[in-house]
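A.B. asks: Got a sequence here, can you model it:
(chains A and B)
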Number of protein chains: 2
Amino acid sequence: MALSTLYGVIMAGGRGTRFWPVSRERLPKQLVTLLGPETLLERTVERLKPLIPPERLLIVTGADHARTIRRHLPDIPRKNVLAEPEGRNTAPCIGLAACEIARREDGAAMGVFPADHLIAKEGEFRKLVKGAAQLLRSRPEALITFGMEPTHPATGYGYIKRGPEVARAQGYTIYDVESFVEKPDLAAARRYVKNPSYLWNGGVFFWRVETLRAAFETHLPEMAKGLEAIDGILGRRDASKRLKAIYPRLPAVSIDYGIMERVETALVIPCDVGWSDVGSWKSLADVLESAGNVVFAPRHLVATVGLEDLIIVATDDVVLVCPKDRDQDVRRLVEDLKARGLSRYL
Amino acid sequence: MALSTLYGVIMAGGRGTRFWPVSRERLPKQLVTLLGPETLLERTVERLKPLIPPERLLIVTGADHARTIRRHLPDIPRKNVLAEPEGRNTAPCIGLAACEIARREDGAAMGVFPADHLIAKEGEFRKLVKGAAQLLRSRPEALITFGMEPTHPATGYGYIKRGPEVARAQGYTIYDVESFVEKPDLAAARRYVKNPSYLWNGGVFFWRVETLRAAFETHLPEMAKGLEAIDGILGRRDASKRLKAIYPRLPAVSIDYGIMERVETALVIPCDVGWSDVGSWKSLADVLESAGNVVFAPRHLVATVGLEDLIIVATDDVVLVCPKDRDQDVRRLVEDLKARGLSRYL
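C.D. replies: Numbering: from 1, shown residues only, chains lettered A, B, ... in the order given. Okay, here's the model as predicted:
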């Protein structure tokens, strides 16, 4: 069997309230420049481009962000930015992309990549992406995921427990997936980090489009039916209007829970690629290896006296001051502002 | 002897680095709106106006602020804003004003008022100002100061220790000044606040111009000579240019140290007028009776998570975060910025 054409599907539906006040409803985490001059989405695209040309990179995002993304990424064909009528977790998002790819090409494979994660070792990452695509040649029924090798006892990530080794290739090993593990408490996370069987779930997947569609039929038949309806409308002039009627009725489940945990043919490739989901201000500080205070204020001088372990963020209209270990509460702050009707700050 | 005409001299030479980043080199504390819509200088002028008409209110300030002040206070005749070529403490500033008053009118009295203090009970304050002016009729040789009744063991203020009672008038009592006391440590401040003899030095003074000039001759002869030179140039077309040659050579001493501590005829009137020098962010919080964090951010939403006793100040270009009890270090921060050449933030 020939090597299938690989499409890249970048999931850019995140709202990123945890990076408030830099990320906003109109400018979610993947569209802000948190690290360096490029947005996380731009970096994700650039990371993949040496392997997958822009014509085969699809971006799935919320309808309200599609226009911004098209403007930010002029290299990506406009029709490759797929707008979800509403956010319904990862399975419908990936399903929609699978329909679009099937419409364009028979027998293609797809890789799924979150738009807002950070990968320090990009060359190594591409090598493994290439490996996953090659693996699909010998194992066309496989559903492959990347398992990020833990560097600390993270409680904010889901874990993948690997089972027996199934194959070895140049530079990496492939294992069966034993199970997907929910976010652990600290005690469990401390055990996991010492056990090489536990890997972080980084939300990266590879499969042939037909394999995925078959898995939907077996494990999420309602979804499969919805995707067939989508097959029938894609390419039509009124596709976007019709999608609005179909999409909100798709089951809002994650691909992990809906498919990966249920299939027999899930494989995992352990990766040491300097991965982080940059899920909060504190994790940004960890990525930057900055000690003391985390200060993010592109247009302000920030002066402090005798303070440590604070997050200080300043935008044109908001100042956030929060202890590092309370960074998970930023989300609550945003909800609180919403409840108070302060929507102009959201 | 008739009641002398009373002139008001408002000392507006302060730089107010302790209110950085709201106060700046170009916009010192007396010219920013820290409390309510008016600047502290505007409030000082408004407080005196019912007693002293604008034609008799003089404002002494740094040459670089004179223009701003004339613009802020259109009621005050332009010639009443006297520009010091450089800041040389209070004695030369008051001496310059005394020369200007003498030029305009013989036998006048003057009251000296800091531009950047807060007085909650303005009616009571005016009653006492009137009383001080009347006292100068029966005691033309007196140098009178107001002693603010302490409300807490402040270590940031100088104190005046009163001596024996010398007279009583309606609503107030007059005492000899026993001594001027330097800023105390906390233990001493705690003793002072329990002892009615100790009063805060609020920098408010009253005397006849001739009495002051005579005191300069006796106690600061070098200053007296300099002021005579100033007498000779005021009103001349090139006065401001000539002042630049004379003023920087005047002894840079405070009126307290140079005159008040040395004369035999110093009197003090205790005042309960809700006075504060609003000398720091913390004292601003005390004035506002605000607990928890002190937040000053007219154009930002400030969001905090689980933090107490912080000062958080945001301007268009600077964010300051500082524990309340370290507010005295703000001055050091400003010096540090200067040393680093970050002058655009000063």
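A.B. asks: Give the buried residues for the helix ranked longest in chain A.
C.D. replies: For chain A, the longest helix by residue count, based on DSSP state H, is helix A:122-138. Neighbour-count burial for helix A:122-138, counted by 16 or more other C-beta atoms under 10 Å in any protein chain shown, picks out A:124-129, A:131-133, A:135-136. (C-beta placed from N, C-alpha, C; glycine too.)
A.B. asks: which is the next helix or strand following that helix?
C.D. replies: strand A:143-148 (DSSP states H and E).
A.B. asks: For that next one, which outside residues touch it?
C.D. replies: For strand A:143-148, the external contacting residues (C-beta atoms under 8 Å, 6 or more residues apart in numbering or on different chains) are A:128, A:132, A:135-136, A:160, A:162, A:174-175, A:177, A:199-202, A:204-207, A:211-212, A:215, A:259-260, A:263, A:265-271, A:273, A:275.
A.B. asks: That strand pairs with which strands, parallel or anti?
C.D. replies: strand A:198-208 (antiparallel), strand A:266-271 (parallel) (DSSP bridges).
A.B. asks: angle of it against helix A:122-138?
C.D. replies: Counting by axes from the mean of the first three to the mean of the last three C-alpha atoms, to 10 degrees, strand A:143-148 lies at 160 degrees to helix A:122-138.
A.B. asks: In PDB, please show the C-alpha coordinates belonging to strand A:143-148.
C.D. replies: As requested, the backbone C-alpha atoms of strand A:143-148 are provided in PDB (Å, rounded to 0.1, in the frame of the first residue of the first chain):
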ATOM      1  CA  LEU A 143      -5.300   5.100  15.500                       C
ATOM      2  CA  ILE A 144      -2.100   6.700  16.700                       C
ATOM      3  CA  THR A 145      -1.500   9.200  19.400                       C
ATOM      4  CA  PHE A 146       1.600  10.900  20.700                       C
ATOM      5  CA  GLY A 147       2.500  10.400  24.400                       C
ATOM      6  CA  MET A 148       4.500  13.300  25.700                       C
END
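A.B. asks: Return the list of strands paired to whichever helix or strand comes after it, each annotated with direction.
C.D. replies: Per DSSP H and E, the first helix or strand lying C-terminal to strand A:143-148 is strand A:159-169. Sheet neighbours of strand A:159-169, with direction, are listed as strand A:172-181 (antiparallel), strand A:198-208 (antiparallel) (DSSP bridges).
A.B. asks: got the phi/psi numbers for A:Gly274?
C.D. replies: In terms of degrees, to the nearest 10, the main-chain angles of A:Gly274 are phi 60, psi 50.
A.B. asks: residue contacts, it?
C.D. replies: A:Gly274 neighbours (C-beta under 8 Å, 6+ apart): A:118-121.
A.B. asks: want to try JSON lines for those residues, with pLDDT and neighbour count as columns?
C.D. replies: Output for those, formatted as JSON lines (pLDDT from 0 to 100; neighbours: other C-beta atoms under 10 Å in any protein chain shown):
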{"residue": "A:Leu118", "pLDDT": "93", "neighbour count": "19"}
{"residue": "A:Ile119", "pLDDT": "95", "neighbour count": "20"}
{"residue": "A:Ala120", "pLDDT": "93", "neighbour count": "11"}
{"residue": "A:Lys121", "pLDDT": "96", "neighbour count": "14"}
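A.B. asks: ok, so of these, who is nearest chain B?
C.D. replies: Nearest to chain B among the contacts of A:Gly274: A:Leu118, at 24.1 Å, using C-beta to the nearest C-beta.
A.B. asks: Chain B contacts on the stretch 201-346 of chain A?
C.D. replies: A:297, A:299-307, A:310, A:312, A:314, A:317-323, A:326, A:329-330, A:333, A:337, A:342, A:345 (C-beta under 8 Å from any C-beta of the partner chain).
A.B. asks: Quick one: buried ones out of the residues you listed?
C.D. replies: By the neighbour-count criterion of 16+ other C-beta under 10 Å, those include these buried positions: A:297, A:300-305, A:307, A:310, A:312, A:314, A:318-323, A:326, A:329-330, A:333, A:337, A:345.
A.B. asks: Which neighbouring elements make contact with the longest helix of chain A?
C.D. replies: With contacts taken as 3 or more C-beta pairs under 8 Å, 6 or more residues apart in numbering or on different chains; DSSP states H and E, helix A:122-138 sits against helix A:40-48, strand A:109-114, strand A:143-148, strand A:159-169, strand A:172-181, strand A:198-208, strand A:266-271.
A.B. asks: Can I get those in CSV including mean neighbour count and mean pLDDT?
C.D. replies: Shown next, in CSV, are the helices and strands packed on helix A:122-138 (neighbours: other C-beta atoms under 10 Å in any protein chain shown; pLDDT from 0 to 100):
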stretch, mean neighbour count, mean pLDDT
helix A:40-48, 22, 96
strand A:109-114, 24, 98
strand A:143-148, 25, 98
strand A:159-169, 16, 95
strand A:172-181, 17, 96
strand A:198-208, 24, 97
strand A:266-271, 23, 98
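A.B. asks: Make JSON lines out of those and add distance to B:Val253.
C.D. replies: JSON lines is the format used below for the helices and strands packed on helix A:122-138 (distance: least, C-beta to C-beta, whole Å):
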{"stretch": "helix A:40-48", "distance to B:Val253": "61"}
{"stretch": "strand A:109-114", "distance to B:Val253": "69"}
{"stretch": "strand A:143-148", "distance to B:Val253": "70"}
{"stretch": "strand A:159-169", "distance to B:Val253": "73"}
{"stretch": "strand A:172-181", "distance to B:Val253": "75"}
{"stretch": "strand A:198-208", "distance to B:Val253": "69"}
{"stretch": "strand A:266-271", "distance to B:Val253": "73"}
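A.B. asks: Among the ones you listed, which comes closest to B:Lys49?
C.D. replies: helix A:40-48 (59.4 Å; C-beta to C-beta).
A.B. asks: With adjacent residues omitted, what lies nearest to A:Arg249?
C.D. replies: Setting aside the residues directly before and after it, A:Arg249 is nearest to A:Gly226 in space (C-beta to C-beta, 6 or more residues apart in numbering or on different chains), at 6.4 Å.
A.B. asks: what sits against the one you found?
C.D. replies: Here A:Gly226 is in contact with A:92, A:95, A:246-247, A:249-250 (C-beta under 8 Å, 6+ apart).
A.B. asks: Averaged pLDDT, the helix or strand that it is a member of. What do you get?
C.D. replies: Using DSSP H and E, A:Gly226 sits in helix A:221-233. Taken as a whole, helix A:221-233 carries a mean pLDDT of 97.
A.B. asks: That helix: which residues count as buried?
C.D. replies: In helix A:221-233, counting by 16+ other C-beta under 10 Å, buried: A:223-224, A:226-227, A:229-230, A:233.
A.B. asks: coming back round to it: figure out which of the strands paired with strand A:159-169 is closest to A:Ala142.
C.D. replies: strand A:198-208 (6.9 Å).
A.B. asks: Can I get the lowest-mean-pLDDT helix or strand in chain A as CSV, trimmed to CA atoms?
C.D. replies: Ranked by mean pLDDT, DSSP states H and E, the weakest helix or strand in chain A is helix A:281-288, scoring a mean of 82. The C-alpha coordinates for helix A:281-288 follow below in CSV (Å, rounded to 0.1, in the frame of the first residue of the first chain):
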residue,chain,number,x,y,z
TRP,A,281,0.2,31.9,33.3
LYS,A,282,2.2,29.8,35.7
SER,A,283,2.9,27.2,33.0
LEU,A,284,4.1,30.0,30.7
ALA,A,285,6.6,31.0,33.4
ASP,A,286,7.7,27.3,33.6
VAL,A,287,8.2,27.3,29.8
LEU,A,288,10.2,30.5,30.0
